[in-house]
Each structure stands twice: as structure tokens, then as C-alpha cells.
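**Student:** Attaching a predicted model along with its sequence, questions to come.
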There are 2 protein chains.
Amino acid sequence: MVANREELLQSFRTYVKKMQDYQSALALLGWDARTHMPKRGVEGRASAIGTLSAELFTQKTSDKMASFLEELSLVADSLDQTTRRMYEECKKQYDRQVLIPADRYEAMTVLVSQSESVWQEARKTSNFTLFQPYLQKIVDMKREFIGYWGYEDHPYNALLADFEPGVTVAMLDDVFAGLRAPTVNLLRRIEAAQQPDDTFLSRHYDPEKQRKFSLFILKEMGYDFDAGCLDETAHPFETSIAPGDIRVTTHFFPNFLNAALFGTIHEGGHALYEQNIAADLIGTNLHSGTSMGIHESQSRFWENVIGRSYEFWQRYYGDLKNMFPSELSDVSLDHFYAAINAVKPSLIRIEADELTYNLHIMLRYEIEKGLIAGDLQVKDLPEIWNAKMKDYLGVMPDSDANGVLQDIHWAGGDFGYFPSYSLGNIYAAQITRALEKDIPNYREHVTSGNLSEIRNWLVRHIYQYGSLLTPGEVLQSVTGESANSEYILDYFEKKFVPLYKL
Amino acid sequence: MVANREELLQSFRTYVKKMQDYQSALALLGWDARTHMPKRGVEGRASAIGTLSAELFTQKTSDKMASFLEELSLVADSLDQTTRRMYEECKKQYDRQVLIPADRYEAMTVLVSQSESVWQEARKTSNFTLFQPYLQKIVDMKREFIGYWGYEDHPYNALLADFEPGVTVAMLDDVFAGLRAPTVNLLRRIEAAQQPDDTFLSRHYDPEKQRKFSLFILKEMGYDFDAGCLDETAHPFETSIAPGDIRVTTHFFPNFLNAALFGTIHEGGHALYEQNIAADLIGTNLHSGTSMGIHESQSRFWENVIGRSYEFWQRYYGDLKNMFPSELSDVSLDHFYAAINAVKPSLIRIEADELTYNLHIMLRYEIEKGLIAGDLQVKDLPEIWNAKMKDYLGVMPDSDANGVLQDIHWAGGDFGYFPSYSLGNIYAAQITRALEKDIPNYREHVTSGNLSEIRNWLVRHIYQYGSLLTPGEVLQSVTGESANSEYILDYFEKKFVPLYKL
């Protein structure tokens, strides 16, 4: 029996490793499509990605996988932690997929592909009516899928499970309720105060110099260039091609400094997480961040908590001025710090500041929840969107393109994804509090450019585990709590009250 | 029955297309490993390539493939040309693989992988004894494989079939016999003549400017940058990732102009072939050059026949001088032309000039043939090598590193590959003669930079067919002959007699 058990485990690990190899090839095909692929390569690339994705899907749902899961379930209690988590993750994906009839899954794939094209056209022409029937079908099919999966308490919980397992509508309602009113209140006070002049951020900044500075900052953060590289793409992203191959991209606007600066730090935060997962998880399905929310907590921690702190620029503003001496000659450190932290309600989520960002997410969360529960109708979305924008942010979209049509997520069928962004912000503040408890002088480390102290703490408490711990376990072990908006509110107060002299 | 037949064909085409998708992913994994992959990505990359290669091998030799081949064989006579050739290519690979016992195939894979490492060490330390037992095992195993496959007339024919199907030892012996003595004779006359001064080629040439000139020349050749790109690697190569994604690489030495210049044109020649295969072969296993030899005929045609011609530099030397005005200020067109065509016997094949190159190949061919027939012993190779070098080229290696250990091919098990290089040169001269018959003033087109006339002729007669025609069929249809060394000898005479004033 021991021999059989060993054979079973060995065979399961080999099978999972093979799935990781497919994942790796798919990640490279995706990265290359956005970085180096010539434009006539599109058709061939879509075909290759389609074939490998289909094969990976088959592996996740095969009879072989079913038999692994069945045999492993019999010995689940006696499995070591790694194998047990490998099993759980495979089982989660398997259960998720096999409950959907194959023809319905296929129909969703086709629908999403059409829908993304239509959405692009609809956004370009600011024509919601064009997109409406597709969005309606996607919502209907999501609701149908939830029917196959089943759910507890609220149908939207079934979707949250994809992105932030363990988080529920009840938890989110609670967290967002605690966050919304104080955020809006703080925003109103800021709007009444004197705004910093941030026009210097839109001067001409040589992209090549921006690239050099991005590389320098990544190096300072401890990004390992022997295990990754920085490229330029239309939209920044991080991708994990293999354990020793974690790449980031950014975008250099010739007339806007912030995008590359904070885009690079943001993706660098994702990459630090992936680059520092324990080596003994290589070849398993656990060698990746444990959830969207925990991942985003790290990109936001590095981008905002560290990268937009006064201490960070005490250390690095001199280097930035050396890179752009004439462009920044008339900008003091205090002026620079105020400008990169300016709070201004805006129409577009991805351009939002730290404070207002979560309001964009709450709006989307409420709409998604309503659509999935059947309380809201797709046809009413533009009106609902605009009313909520006015209510939370005090601004009114000039068009649906800059309103309800701005994000690709719904066209791609990614309902349940948006909350992860705000959870990331909320977690980041909680994790910062835990960091401060362990390293009370962590800000001094930032001021002296000793970022390794902070990074090592994160490696020890979060990064090394990859997906060996669930997101809930990570948060609990680091902070002793589940999601709690108290800390981010405290962080906002401490940052913006002195900054805006409220 | 018609319905069944249609189903069979449809199902076969889908299966083959899937194999092309795997091939595409593997090509990208390989390209990226040599261009952008960070060094810690090596292990993960090897694993991904191993998994996808194994899957592709499985597809080529599966029961499903066997059943396709069996069913198609029943209707082979009534198949359209494309499907028949698709079938033939699949059958060739299938037959090749299934005759080898699985454990022996696996043993060869392991041996080759070890052998390549050992060869690298052996070459570094110029220690043939280190490599000898591995080479012995590879030769033994090649002979064993030939036993499984069977052969006609000469065991080496079984190996030639992998690289240049249709070519036999009898043909090669004949072609090389006609080429060797006149080549050596011409070489002796050149050695007695005045050598051009080519030291200016080793001045400092800014790599960035070399890159710009490489891009310019590729554009002039008609390389489609919407369907490819140029990157830098240690050794230049061309790779076909998908029909619309044909990439080339080159290497820029700061103190040597020739390498990037002619390396780029060479790989550009390969790429023109691949970029101009007919669109209706996309998704089949025929969308690639038809053999190593025909492929090499195109890289050599562009590199040597066009790229080293007086007419080419009549047109482009002004552009090169504009790029490097001070570096080339004292070099006339005639001087430049003489220097890039200098003939000098050398130890290293990949650095050899047009004339002596084939002598390097004949030496290797004779050794391979002897080893496979059992007429030569591995242990005697250094001695045999050096004697033949002295005999053909009049030079004696200073070390085995610069002699018998210089090429990776034998360590990789690639016996039968070398002749393709010379066949490429020989075919190129034959094809040039055919071109001249159709377009008598083709040299004037070169002088005026009208390379599209020449490229279009090649597309029409060679490129568009991909592997729809066999290499023998291509050569026959273009030239009306099989391999014939008469034309390259004529080409050498016409080029080098005036150049060296013989």
C-alpha cells in the first residue's frame, strides 16, 4: 500500500508539473504577443494559444485527473501540506469545470470572444446599445453557470470564489460600508482645500531616461534581473513564465512622468511576490500568488505605501532630479510629493488616485451584485452608473465611453474580479500595520533606501508561501484579522490630512 | 462513403493543424531562450520544451496517426496534391519513429544531451579523448538505428533522407568528385596571386549603426517587417514561429563588419523563403521550406550570389559609406568588393569563404560516410581530420578545438546534415543560371536596387510551394536537372579569375 501511495503521489506530481509546463508556454505566447510579435503573427498566435489552452483545460478536467482526485481524497488527511494544497487547487478547478455542460462552456467561450470585439467597437463609438445585448447574454450565462455550481447566501459568492476564495458578499458589504462614507467625507474636505500644482508632471520626459530610471528603481526594490526583464507595452503587466522567469512591462509616455514611474513600481510589486516564492514549490501548482487580492496588496503596497511615501522620495528624488535636471529644476521635494499624491475625482478608474480608486470599485461591485442577483437590469446600466458616479465621486461622465463602457472586464465575462482591487488596497494597509509592529522604524529604512529589510519581511510572511496558504490564511497569519477597512482609513487620514492641511 | 472521406480529410487536417500549433509554441520557446529569456529561466524553459516536444512526438507516432495513415493509404491515389503531400510527410516521420524501439529512442535522447555537454568541455580544453567515447556511442547507435530503418546501397543514405530526401551517396560522391579537384586547383592559383588588403573590415563599426544598416538591407531584400523582426543573438539564425511570424537574428561585432552584414543577408534569404509560401498551405505541415539543401540554396543565393556581387555594392556601397563615412573613407568600391570576397584557406568552417567552404564540407562528408560504413574509427578522427585539412586546404589545425572538435553537429547526433550546406551552394549556382535564362538582365536589376524582380521570380518558382514539392521536384522544375556542380565551378571561375587577375 505504501508503494501504491508513493506511486500515486509521484504520478500526480508529474501530471501537475506537466500542466505547469503548458501554463509556462501559454504565458510566453501571451507575453510575446504583447511585446515582440509582428502584427501578421496574430492569427497563428491565436491558433497556438487556442490549442494549448484547450489541452490544459482537458488536463484539468480529464478522467485521469478525476481518478487522481478520487484516490487522493481517500488519503487526504494524511497528505503533507504541499500535496494537500496541490490536491485542493486541482479539485477546485475540476469541480468548477465539470459542473458546466461542455456545450455551455463552449458557448461562453464564443460569446466572450465576440463580446470583446463588440465592446471595443462600442467603446470607440460610445454606443452602449451596441454592447447591451452581449452584456445581457453574458449576465444571463453567468447566472446560468451559478445555477450549475450552486452557492451559499448570495449567487455573487460563487463568482468571488474565482478571484478571492473565502471572501463573501456579506464580508464585502461590511468592509465597503465601513469604507465608503469616510472616504467620501475625506474627499469632500480635500476638494475644499488648496490643490497642489501638478502640471510639471506633464512636461516632456525622455522615454529612454524614464526607462533607465524604471530599471534603477526595480533594482532598488530588489527585483532580480537574472530572473526577469522589463519591456514596454501599451498597458503595464507582470507575467510569470517560469519560477526563474518573472517579467514586467511598463509604458513610457513622453509627456507624462507618473505612468511609467508608478506603473513600474506596481508591476515590480507583483513580480517581487512571484520571484520570492519558495523553491520547493517549483513544479507544483502552488508556485504563484495565492489570490488576486493578496497579489494586488503587494503591487499596491509597493506602488502606494512605499512608492508614494514622503520617505521614499526623500531617498530617491535626488536620483530622479539627476535624471531630469532641467525638467524638475523648479520642483522641490515637498512639491513633488504633493503632486504625485494629488486627489482629484476623475471619470476613469485606471487613472484614479489612491483615495478615490476604491469608490470606482464599490460602484462596479454594487452593479455586478445587482445584475447577478437580478435586482438590476443591463439596459439601465448607463443611468445607474452615472448616478453613482455623481453620488460617490461628484463627477458625471461626458459619455458612456468614459463611463459604463470603460473597462473590458464585463465583456470578458470577469464578474467578481473588481473587488480584488480594493481588497488589495485594504490588505496593503493591514499588512503595513503588521510590518510597523515588527519593524517600527521601517520608514527610516525607506528613507535610507534599505528596502531589503522590508522586502525580506514580506518574503518571510507572505511571498515564500505562494499558494501553499489560502488568501485567508495569509492575511490571518500576517495581521491576525480578516479584511478590515479600519487601517486604510487610518492610513488615508494620516497621509492626506497633513498633505492638504485639513 | 463520400461523407466518410470528407470526415476523414477534415479530421486529418485538424490533427495536423494542432501539430503545427505545438511546433509554433516550441519555435517561440526556442527563439525566446536565445533572445530575451533571463538566465534563471533555463530550467523552467527546458521543462516546458521537454513537455511540448514529447507531446508533439506522441502526436506524430500515435495510434490516431497510424489510423489516419492507414485510411489515407487506401485513397492515396485520389487525393489532391496538398493532402497527398501532407500524408507523405506524416508517413515519413511516422515510419521513421515507429521502427525505433522506444527505449532506444529514449537512450539516444539522453546520450545526445550528455554528449553535447561533454563536447563543449572537450572543445574548451581541446581534449578529443574526453569526447571520443561519446562520439563512439553516437556512431554505434546511429548504425543501430540504420539497422532498424533499413537502407538501399549505402547505410549513409538512411541519414541523408532526414535532411535532403532523394539525395544519395552515389549522387554526392559524383557531385563532390566533380567539385573537389577544380576547387583545389583554383585555390592554389589564388594563393599564388596578390591578396587584397581586408584589414579595414576589422576597424571599429558602431553596432547600433550596423543594426540600422542590417534593417535597411533586409527592407531592400523585401523582408516583411509586419511578419517578422530582427534581434541579436550569439549566433545568427532564422526561425518560423507562424506563417506571419518569421524572425531573423544576427550578431554585431564592434570590430568586424562582415559578420552582421552577411549574416543578416543569409538569414534574410531563409526568411524570404518562409515569408513567401502560399497562404493556402497555412495550417498544413507543408508551410515550410522543403529541405535543408533548398533552404540553404536561398540563404547562400542572397548572401553570396547577390550580397557578395559587384552589382550589389555598386548600388549599396554608397549607403554603407554614408553610415560609416570615416571608417570607410579610404576604401574604394573595388577595394571593398575585393576584400569581402577574399579567398583564404582557414581552419574554421563557419568563417570560410565561398570557395573553400565546400572543401570543409567534403572532408566532413567523407568522415561521416566512413564512420557509418565502419571503414573509419572514431579514435583515428583527429589524425584523419588533420591529414584531409592539409590535403584539401593546405592548412593544419593548431589544436583539435580548431579541428575535429569545432562543430556541434556530431555531438547532437546530426549525421547526414553537413552535405546540405554544400548542396545549398551548388543548387544556388544552378538556380542562378535558371534565373539568368528567364531574366537575362537580372544583374542590372541588382545594380539599380530592383531586387523585387529577382525575389518575385524566386517566389514564383520556389518559395510559394513550401514543401508541396519535394526538393528534387523543386530543383528539377527550376533547373531541369538534379544536383550538378558544373554551374558553381563556372560561377567560381567567372568571379575569382578577374578578381585575382589569374
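**Tutor:** Sure, I can see it.

**Student:** Where do the helices of the stretch 301-450 of chain A begin and end?
**Tutor:** Applying DSSP state H, counting those that start in this stretch to the stretch 301-450 of chain A gives helices spanning A:310-323, A:333-340, A:354-373, A:381-388, A:418-438, A:442-447.

**Student:** how close does the residue nearest in space to the middle of chain A get to B:F312?
**Tutor:** Centroid check for chain A by Cα atoms, centre = their mean gives A:E296 as the closest residue, at 4.3 Å. Relative to B:F312, A:E296 is positioned 57 Å away (criterion: Cβ to Cβ, to the nearest Å). Where you see a C-beta, it was placed from the backbone N, CA and C, and this is true even at glycine.

**Student:** returning to that earlier point: so the residue nearest to the centre of chain A touches A:G424, yeah?
**Tutor:** Yes - if you go by Cβ atoms under 8 Å, A:E296 and A:G424 touch, sitting 2.5 Å apart.

**Student:** sorry, back to before: so the residue nearest to the centre of chain A lies in a helix, does it not?
**Tutor:** Yes - counting by DSSP: H, G, I helix; E, B strand; the rest coil, A:E296 is found in a helix.

**Student:** who touches it in this structure?
**Tutor:** Going by Cβ atoms under 8 Å, 6 or more residues apart in numbering or on different chains, A:E296 touches A:420-421, A:423-425, A:427.

**Student:** hang on, the earlier thing: nearest to B:N441, out of the helices of the stretch 301-450 of chain A?
**Tutor:** helix A:310-323 (56.7 Å; Cβ to Cβ).

**Student:** what sits up against that closest one?
**Tutor:** A:209, A:212-213, A:216-217, A:220, A:306, A:328-329, A:333, A:336-337, A:340, A:443-444, A:446-449.

**Student:** Could you do stretch A:18-36 as well?
**Tutor:** Under Cβ under 8 Å, 6+ apart, the answer for stretch A:18-36 is A:41-42, A:45, A:48-49, A:52-53, A:55-56, A:59-60, A:231-234, A:237, A:239-242, A:247, A:249, A:283-285, A:287, B:25, B:28-29, B:32, B:36, B:44-45, B:47-48, B:50-52, B:229, B:231.

**Student:** follow-up on the earlier one: can you pull the pLDDT of the residue nearest to the centre of chain A?
**Tutor:** A:E296 carries a pLDDT value of 98.

**Student:** again, but for A:S47
**Tutor:** For A:S47, the predicted pLDDT is 93.

**Student:** circling back: for B:F128, which of the helices of the stretch 301-450 of chain A is the nearest?
**Tutor:** helix A:310-323 (53.9 Å).

**Student:** From the chain's centroid, how far away is that closest one?
**Tutor:** 27 Å (Cα atoms, centre = their mean, to the nearest Å).

**Student:** Helix A:333-340 and that one, what's the angle between them?
**Tutor:** Put simply, helix A:310-323 runs at 100 degrees to helix A:333-340, going by axes from the mean of the first three to the mean of the last three Cα atoms, to 10 degrees.

**Student:** Mean confidence (pLDDT) on helix A:310-323, please.
**Tutor:** On average, helix A:310-323 scores 98.

**Student:** and it, which residues are buried?
**Tutor:** Within helix A:310-323, the residues scored as buried using 16 or more other Cβ atoms under 10 Å in any protein chain shown are A:310-317, A:320-321, A:323.

**Student:** try stretch A:61-72
**Tutor:** Neighbour-count burial for stretch A:61-72 [16+ other Cβ under 10 Å]: A:61, A:65, A:68-69, A:71-72.

**Student:** Let me know how buried whichever residue of the stretch 301-450 of chain A sits closest to chain B is, in neighbour terms.
**Tutor:** Closest contact between the stretch 301-450 of chain A and chain B, by Cβ to the nearest Cβ, is at A:W302 (20.1 Å). Number of residues near A:W302 (other Cβ atoms under 10 Å in any protein chain shown) recorded here: 30.

**Student:** show me what contacts it?
**Tutor:** Here A:W302 is in contact with A:221, A:265-266, A:268-269, A:272 (criterion: Cβ under 8 Å, 6+ apart).

**Student:** Throw these into a markdown table and include secondary structure and distance to B:P165, thanks.
**Tutor:** Shown next, in a markdown table, are the contacts of A:W302 (DSSP: H, G, I helix; E, B strand; the rest coil; distance: Cβ to Cβ, whole Å):
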| residue | secondary structure | distance to B:P165 |
| --- | --- | --- |
| A:M221 | helix | 55 |
| A:I265 | helix | 56 |
| A:H266 | helix | 54 |
| A:G268 | helix | 52 |
| A:G269 | helix | 54 |
| A:L272 | helix | 52 |
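
**Student:** In the contacts of A:E296, find the pair that's most separated.
**Tutor:** Farthest apart among those - using Cβ to Cβ - are A:Y421 and A:Y427, which lie 10.9 Å from each other.

**Student:** Quick one: name the residues of the stretch 51-200 of chain A near chain B.
**Tutor:** With Cβ under 8 Å from any Cβ of the partner chain as the criterion, the stretch 51-200 of chain A comes near chain B at residues A:51-52, A:55.

**Student:** rerun that using 6 Å as the cut-off
**Tutor:** A:T51 (Cβ under 6 Å from any Cβ of the partner chain).

**Student:** Tell me which residue of the stretch 51-200 of chain A lies closest to chain B.
**Tutor:** For the stretch 51-200 of chain A, Cβ to the nearest Cβ, closest residue to chain B: A:T51, 3.7 Å.

**Student:** Pull up the gap between the closest residue to that residue other than its chain neighbours and B:L56, please.
**Tutor:** Using Cβ to Cβ, 6 or more residues apart in numbering or on different chains and skipping residues adjacent in sequence, the residue nearest A:T51 is B:D21, 3.7 Å away. Here the distance between B:D21 and B:L56 works out to 10 Å (Cβ to Cβ).

**Student:** The two: which has the busier surroundings?
**Tutor:** B:D21 (24 against 18).

**Student:** so that one sits in a helix?
**Tutor:** Yes - assessed by three-state DSSP, B:D21 belongs to a helix.

**Student:** where are the low-confidence patches of chain A?
**Tutor:** Residue ranges of chain A with pLDDT under 70: A:1-3.
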